[in-house]
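Chemist: fold the stuff below for me.
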Amino acid sequence: MVFLGLRSSRGPTGEAAAPAASAPGAGRTITHAQGSTVVAPHPKQVLVFDLAALDTLDALGVEVRGVAGESFPGPLAKYADAKKYPRFGTLFEPDYEAVHAARPDLIITGGRTSARYAKLAAMAPTIDQTTDDAHYLDTVVGNTERLATVFGKEDQARALIGALRQSIEALKGTTATRGKGLIVLTSGGRMSAYGPGSRFGVLHESFGIPPAAPSLKASLHGEAIGSEFILETNPDWLFVIDRDAAIGEGGGAQRLLDNELVRQTTAWKQGQVVYLDPADTYLIGGGIQSVRRLLEQISDAYAKPRQPPAP
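Modeler: Numbers count the residues shown, from 1 in each chain. I've put the predicted structure just below:
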């Protein structure tokens, strides 16, 4: 079956993501970020150890048996009901005894739990939905298609991906001519900058925002910077991710950035400092719905009338 997508026939490491059908009733071989797994048709006892995968399953209308973690921000709030969705450990450390007792048909890992894949895969069929930062949107599309195939939700996936592609093309027509952007993550009073190829590089590579600092190294934790770097770079747009707010430790990004140096930048003077939703960027990033919400937030920011430069 052919889906609408962005290089959607490729997975995170470049391998073909399309599943190969096995004998009728015997399950289907699913290729994923850490190999391939035979998955039974329409699994019911599904344990999810990845918020991005949970976000995509929610969009596809797939019910799950249980989840990991204690924090389920905004769009995933319904999964905070531990009676309806029992806990099976954390995103970093599964409760293996509980997993064994649940006898799952399928386990889904990704991101924070990917290091536990091998141990979980020894207990039950497991697929890994880790996102490839270097091919972020391609991976989001491929991950959505993979889950759709497993659960027979191909039509829903096709609609979601098609709508996302259309919205991206519309946004790129605007962002390309509205100046350069810089992505900054704040955490504990410190700042890191991210550029193309990074975990937040989708803003540049797919949403079409020209990078203000194209030479930044693509790394998980970004490149440590100070306010001086922001002033020297002088972005037209400053996109801010408040990690402290994402993990429930308050939020200090606005106080940190409101200083004499940052106030001199074009982004600050023209009111083009955008505080990105911390859940959708830092916690749930990689889910089909979280990418759509991020896209909508940036589209709304660009739709606002330009402010004249402050004196």
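
Chemist: what sits against residue 241?
Modeler: Contact criterion C-beta atoms under 8 Å, 6 or more residues apart in numbering gives 183-186, 200, 253, 276, 278, 281-282 as the residues in contact with residue 241. In this view, the C-beta of every residue, glycine as well, is placed from N, C-alpha and C.

Chemist: these in strands, which ones?
Modeler: Using DSSP state E, 183-186 are the members of those that sit in strands.

Chemist: which of the contacts of residue 241 tops the neighbour count?
Modeler: Note: the member of these with the most neighbours is residue 183, at 31 neighbours, neighbours being other C-beta atoms under 10 Å.

Chemist: quick one: low-confidence ranges for the chain?
Modeler: Applying pLDDT under 70 to the chain picks out residues 1-26, 306-311.

Chemist: so where's the longest helix in it?
Modeler: With secondary structure taken from DSSP state H, the chain has its longest helix at helix 154-175.

Chemist: tell me where the stretch 1-150 of the chain has helices.
Modeler: Ranges of helices within the stretch 1-150 of the chain are 51-60, 96-102, 117-121, 136-151, based on DSSP state H, counting those that start in this stretch.

Chemist: could you dump these to a markdown table with distance to residue 225 and mean neighbour count?
Modeler: As requested, these are arranged in a markdown table below (distance: least, C-beta to C-beta, whole Å; neighbours: other C-beta atoms under 10 Å):
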| stretch | distance to residue 225 | mean neighbour count |
| --- | --- | --- |
| helix 51-60 | 27 | 26 |
| helix 96-102 | 40 | 14 |
| helix 117-121 | 33 | 17 |
| helix 136-151 | 22 | 26 |
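
Chemist: would you convert those into JSON lines that also reports distance to residue 266?
Modeler: Converted to JSON lines, the helices of the stretch 1-150 of the chain look like this (distance: least, C-beta to C-beta, whole Å):
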{"stretch": "helix 51-60", "distance to residue 266": "33"}
{"stretch": "helix 96-102", "distance to residue 266": "51"}
{"stretch": "helix 117-121", "distance to residue 266": "44"}
{"stretch": "helix 136-151", "distance to residue 266": "27"}
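
Chemist: quick one, which of those helices gets closest to residue 231.
Modeler: Counting by C-beta to C-beta, residue 231 lies closest to helix 136-151 out of these; the figure is 28.4 Å.

Chemist: off-centre distance for that closest one?
Modeler: From the chain centre to the centre of helix 136-151 is a distance of 12 Å (C-alpha atoms, centre = their mean, to the nearest Å).

Chemist: list the helices and strands it packs on?
Modeler: Under the contact definition 3 or more C-beta pairs under 8 Å, 6 or more residues apart in numbering; DSSP states H and E, helix 136-151 sits against strand 28-32, helix 51-60, helix 154-175, helix 202-205, helix 288-303.

Chemist: how close does residue 237 get to residue 116?
Modeler: Computed as C-beta to C-beta, to the nearest Å, the residue 237 to residue 116 distance reads 38 Å.

Chemist: looking at the two, which is more packed in?
Modeler: A count of neighbours by other C-beta under 10 Å puts residue 237 above the other of residue 237 and residue 116, at 25 against 21.

Chemist: what's near enough to touch the more buried one?
Modeler: The contact partners of residue 237, taken as C-beta under 8 Å, 6+ apart, are 178-182, 209, 212, 267, 272-274, 301.

Chemist: I'd like the residues you listed as a markdown table, with distance to residue 245 appended.
Modeler: Conversion of the contacts of residue 237 to a markdown table gives the following (distance: C-beta to C-beta, whole Å):
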| residue | distance to residue 245 |
| --- | --- |
| 178 | 26 |
| 179 | 26 |
| 180 | 25 |
| 181 | 20 |
| 182 | 19 |
| 209 | 22 |
| 212 | 23 |
| 267 | 20 |
| 272 | 20 |
| 273 | 15 |
| 274 | 14 |
| 301 | 18 |
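
Chemist: which residues does the residue nearest to residue 246 when sequence neighbours are not counted contact?
Modeler: With C-beta to C-beta, 6 or more residues apart in numbering as the measure, residue 278 is the residue that lies nearest to residue 246, at 3.6 Å, once sequence neighbours are left out. The neighbourhood of residue 278, defined by C-beta under 8 Å, 6+ apart, consists of 241-243, 245-246, 251.
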